[in-house]
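In: below: sequence and its predicted model.
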Amino acid sequence: MSGIKKSITELVGKTPLLELVNYEKQNDIDAEIVVKLEFFNPNQSVKDRIALSMIEDAEKKGLLKPGDTIVETTSGNTGIGVAAIAATKGYKFRVYIQDQVSEERFKVIKAFGGETIKFSDEPVVKKILDETGGDFVAAVKALKELLAKEKDVLFINQVANPANPKVHEETTGPEIWEDANGKVDIFVAAVGTGGTVSGAGAYLKSKNPNVKIVAVQPGPNSIPSEANPTPEEITGVHPFTGIPEERIPATFDKNIYDEAFAVETEQANETARAVAKSDGILIGTSSGAAIYAATQIARRPENKGKRIVAILADTGLRYLSTGLFE
Ligand SMILES: Cc1ncc(COP(=O)(O)O)c(C=O)c1O
């Protein structure tokens, strides 16, 4: 059989695990910190997995025909993943993006032929965000109603699409389990839609109910508040505790995690900078947050010698226009 692939869809997943050996040594960590490098996906993020699974699920259900427009709202990575797969499969793509997302993401989506619209440029969405103080789930609901009036448009909606957590249960979780030879003590993932932690977490728990699942969320200083309405946020990561139930995406299984771990943006950024220097991997802020959480957990005496597996969601190249590496 030839090793030549015919579509980027064949390149999604099967990302490697890497132990951060130098980082462990430099930080006197007596546990294994193993990271799953999702920037090995064809468009450099974990979201390539759900982009493919949501589109193929819609195809199977007869919800898409050639030339249709796929619509998504996203912090960027899902938009990039869906734009690329839409391009290769012959669909149009339109994305509504949060305003504070880095410039690279807009440019990449446009490169794939996608249309980009900022949340603040869509009056219906802007109104809801202003009224609710930035409620993303409410904004998505309003957008859904708006799109229902258009023809030949499919809102793929990662925050409510079961194909999101499902692909992590079918691929991300099993890949970790197999590459770690069934030795995983603690699993750490940052939460946006919650698809990664819910799906991969469910698989790992099904193999070993003692695997501890840690779900990472932004710390209080990294969430917009009255006192600080525009903090530097962890792109793609949202709080899931201390917020109204209706703001939690349907793709997040609230019963999956054993521990909720809060990380501030600066802690995440510092960690991303540290692993770039120690182990030569360039990662984004949410990945830094996952390693920061893994590090603190590794330091607990009861976790000596344990293996902690953390998801690194995307590449640092997507953050060069931000202050992350300055
Ligand atoms: C950079 C980044 N990290 C982490 C996540 C969280 O992944 P999930 O949506 O599967 O919870 C996202 C989601 O948008 C993301 O863009």
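Out: Okay, I see it.

In: same question for stretch 282-291, mean pLDDT?
Out: Rounded to a whole number, the mean pLDDT of stretch 282-291 is 98.

In: show residues contacting that stretch.
Out: 20, 23, 33, 35, 39, 188-190, 192, 216, 218, 234-237, 263, 265, 267-273, 275-276, 310-319, 324-325 (C-beta atoms under 8 Å, 6 or more residues apart in numbering). All C-beta atoms are positioned from the backbone trio N, CA, C, and that covers glycine.

In: what about the ligand: which of these touch it?
Out: Contacts with the ligand within the contacts of stretch 282-291, counted by C-beta under 6 Å from any ligand atom: Ala190, Gly192, Thr235, Gly236, Val237, Ala313, Asp314.

In: in a markdown table: those residues, plus pLDDT and neighbour count.
Out: Formatted as a markdown table, these follow (pLDDT from 0 to 100; neighbours: other C-beta atoms under 10 Å):
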| residue | pLDDT | neighbour count |
| --- | --- | --- |
| Ala190 | 98 | 33 |
| Gly192 | 96 | 29 |
| Thr235 | 91 | 25 |
| Gly236 | 91 | 25 |
| Val237 | 96 | 25 |
| Ala313 | 98 | 29 |
| Asp314 | 97 | 28 |
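
In: from those, which ones fall inside strands?
Out: Ala190 (DSSP state E).

In: near the ligand, which residues of the protein are found?
Out: Residues of the chain lying near the ligand (C-beta under 6 Å from any ligand atom): 75, 77, 190-196, 235-237, 284, 286, 313-314.

In: what's the residue in the chain that the ligand sits nearest to in contact with, if anything?
Out: Going by C-beta to the nearest ligand atom, the ligand is nearest to Gly236 of the chain, at 2.4 Å. Residues in contact with Gly236 (C-beta under 8 Å, 6+ apart) are Ser75, Gly76, Asn77, Ala190, Gly192, Gly284, Ser286, Ala313, Asp314.

In: and Glu32, by the same measure?
Out: Glu19, Glu24, Lys306, Arg307, Ile308.

In: and of the ones next to the ligand among the contacts of stretch 282-291, the nearest to Arg300?
Out: Ala190 (19.5 Å; C-beta to C-beta).

In: is it correct that that closest one is in contact with Asp314?
Out: No: contact criterion C-beta atoms under 8 Å: Ala190 and Asp314 do not qualify, at 10.5 Å.

In: just to revisit the earlier point, now the ones next to the ligand among the contacts of stretch 282-291 as TSV including distance to Glu145?
Out: Listed next are these as TSV, based on distance: C-beta to C-beta, whole Å:
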residue	distance to Glu145
Ala190	29
Gly192	23
Thr235	26
Gly236	24
Val237	26
Ala313	30
Asp314	30
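
In: which among the ones next to the ligand among the contacts of stretch 282-291 gets closest to Glu103?
Out: Closest to Glu103, out of all of these and judged by C-beta to C-beta, is Thr235, at 12.3 Å.

In: you'd agree the closest one is up against Thr78?
Out: No: checked against C-beta under 8 Å, the pair Thr235 and Thr78 is beyond contact range at 11.8 Å.

In: ranges for the strands of the stretch 151-300 of the chain?
Out: 153-155, 186-190, 212-218, 259-263 (DSSP state E, counting those that start in this stretch).

In: hmm, back to that, among the contacts of Gly236, which pair sits farthest apart?
Out: Between all members of the contacts of Gly236, the farthest pair (by C-beta to C-beta) comes out as Gly76 and Ala190, at 14.5 Å.

In: any idea how far the nearest residue to Ala313 once chain neighbours are set aside is from Asn164?
Out: Distance criterion C-beta to C-beta, 6 or more residues apart in numbering; nearest residue to Ala313, sequence neighbours excluded, is Val46 at 4.6 Å. Going from Val46 to Asn164 by C-beta to C-beta, to the nearest Å gives 11 Å.

In: how about Thr15, nearest residue that isn't a chain neighbour?
Out: Phe40 (4.2 Å).

In: oops, could you answer that again for Gly195 instead?
Out: Asn164 is the one closest to Gly195 (C-beta to C-beta, 6+ apart), at 3.8 Å.

In: residues in contact with the one you found?
Out: Contacts of Asn164 (C-beta under 8 Å, 6+ apart): Ile50, Ser53, Met54, Gln158, Thr193, Gly195, Gly199, Thr251.

In: ok, Asp57 next?
Out: Contact partners of Asp57, counting by C-beta under 8 Å, 6+ apart, are Asn161, Ala163.
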